[in-house]
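Novice: got a predicted model here, sequence first, then my questions.
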Amino acid sequence: MKKPKYRHCAGSTVLAASLFVSLLIAPAWAASRRVEVGTAAIAVEQYGEAGPVVVLESGLGTPMESFRNVAQRLGACMRVMMYDRPGIGASGQRREQGPVLADEAADRLASLIDLLALPPPHIIVGHSLGGFNAQVYARRHPEHVAAVVLVDAASQFEPPGIFVSKAKLQPGSIDALEEQGLQLGIAAIDSEPPFPPVPLTVLAATDHAMPVEMEKLWVETQAKIATLSPKGHLTIVEGSGHYIQVDEPEAVVTAIIAAADAAGLAHKDCGL
């Protein structure tokens, strides 16, 4: 699979070929469906029948299919929910105007979880921009969060203007609006409640097709995210590109299982 060159690139184009093959050989355990959350029609898939609830939040402009291998694998021992944000993948269009802020995404996710009656506490997993959304969700709903796993996540610790997409995003597209919203969210993060003291795993990739010095700086930035919780730690996934859940899905699965164990959440043997 071709690895994305830049960290905040939209995943729909990069992942299309490999995910199409995945859909053919590995159908979901639960059929995709749309549910109404406020003014949005949200595409949702759920896996598994028992165990702690895992919520998967995809990256900038990226459909939920990027997490399919992880979701299917975890469905053997946990309940997994993944979804497309409005304007992405199989979901309906976003009705709001302007940048997509992390608080909008976090509040909509909370409404979706309530609608699906997913019992707390949850393990929240976020990739890239979805990792920043996951952080905001955990800050706003700490009573519902047992653990957080961030996968090569965007954060407020990034040096300004360093790790940005070089892709030309179409003005007004969902990708452009999410990118704008990310920058506004980072500027406003200090106004959010503190990050809860829950188990926090930060997975950092090492192969973004950047110079060695920038790859090192990226890992250092990811290490700072882990300091948000006294139970935080960094795991470096050597050789993986930005989409760790595609390049090294077992690393993500292992991290989620370890997070469940650290949070004291009982589950069946996941077969590792």
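Specialist: Looks like it arrived, so ask away.
Novice: show me the helices in this protein, by range?
Specialist: Using DSSP state H, the helices of the chain run over residues 11-25, 68-74, 102-115, 129-140, 174-188, 212-226, 244-247, 249-262.
Novice: now render those as a markdown table, adding mean neighbour count and distance to His233.
Specialist: Bear in mind the C-beta positions are built from the backbone N, C-alpha and C, glycine included. Listed next are the helices of the chain as a markdown table, based on neighbours: other Cβ atoms under 10 Å; distance: least, Cβ to Cβ, whole Å:
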| stretch | mean neighbour count | distance to His233 |
| --- | --- | --- |
| helix 11-25 | 15 | 26 |
| helix 68-74 | 24 | 19 |
| helix 102-115 | 20 | 23 |
| helix 129-140 | 26 | 15 |
| helix 174-188 | 20 | 23 |
| helix 212-226 | 16 | 6 |
| helix 244-247 | 24 | 16 |
| helix 249-262 | 20 | 10 |
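Novice: right, and those helices - which one's nearest Ala205?
Specialist: Ala205 lies closest, by Cβ to Cβ, to one member of the helices of the chain: helix 244-247, at 5.4 Å.
Novice: tell me the buried residues in stretch 137-154?
Specialist: By neighbour count on 16 or more other Cβ atoms under 10 Å, the buried set for stretch 137-154 is 137-141, 144-154.
Novice: also stretch 265-272?
Specialist: Leu265, His267, Cys270.
Novice: can you tell me which of those is nearest Phe67?
Specialist: Comparing the buried residues of stretch 265-272 against Phe67 with Cβ to Cβ places Cys270 closest, at 16.0 Å.
Novice: before we move on, the earlier item: same list (the helices of the chain) but as a markdown table, adding mean pLDDT and distance to Ile123.
Specialist: A markdown table is the format used below for the helices of the chain (pLDDT from 0 to 100; distance: least, Cβ to Cβ, whole Å):
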| stretch | mean pLDDT | distance to Ile123 |
| --- | --- | --- |
| helix 11-25 | 37 | 22 |
| helix 68-74 | 95 | 9 |
| helix 102-115 | 95 | 12 |
| helix 129-140 | 97 | 10 |
| helix 174-188 | 93 | 22 |
| helix 212-226 | 97 | 16 |
| helix 244-247 | 97 | 14 |
| helix 249-262 | 97 | 5 |
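Novice: and of these, who's closest to Phe195?
Specialist: When the helices of the chain are compared by Cβ to Cβ, helix 129-140 sits nearest Phe195, at 5.6 Å.
Novice: sorry, back to before: determine which two of the buried residues of stretch 137-154 are furthest apart.
Specialist: Spatially, the most separated pair among the buried residues of stretch 137-154 is His144 and Asp152, at 24.1 Å (Cβ to Cβ).
Novice: from Glu104, how far off is Gly232?
Specialist: The spacing between Gly232 and Glu104, counted by Cβ to Cβ, to the nearest Å, is 26 Å.
Novice: what does Glu36 give?
Specialist: Counting by Cβ to Cβ, the gap from Glu36 to Glu104 is 17 Å.
Novice: just to revisit the earlier point, got the buried residues of stretch 265-272 as JSON lines, with distance to Asp175 columns?
Specialist: Putting the buried residues of stretch 265-272 into JSON lines (distance: Cβ to Cβ, whole Å) gives the following:
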{"residue": "Leu265", "distance to Asp175": "34"}
{"residue": "His267", "distance to Asp175": "35"}
{"residue": "Cys270", "distance to Asp175": "34"}
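Novice: right, and out of the residues you listed, which lies closest to Met214?
Specialist: Checking these one by one against Met214 (Cβ to Cβ), the nearest turns out to be Cys270, at 35.0 Å.
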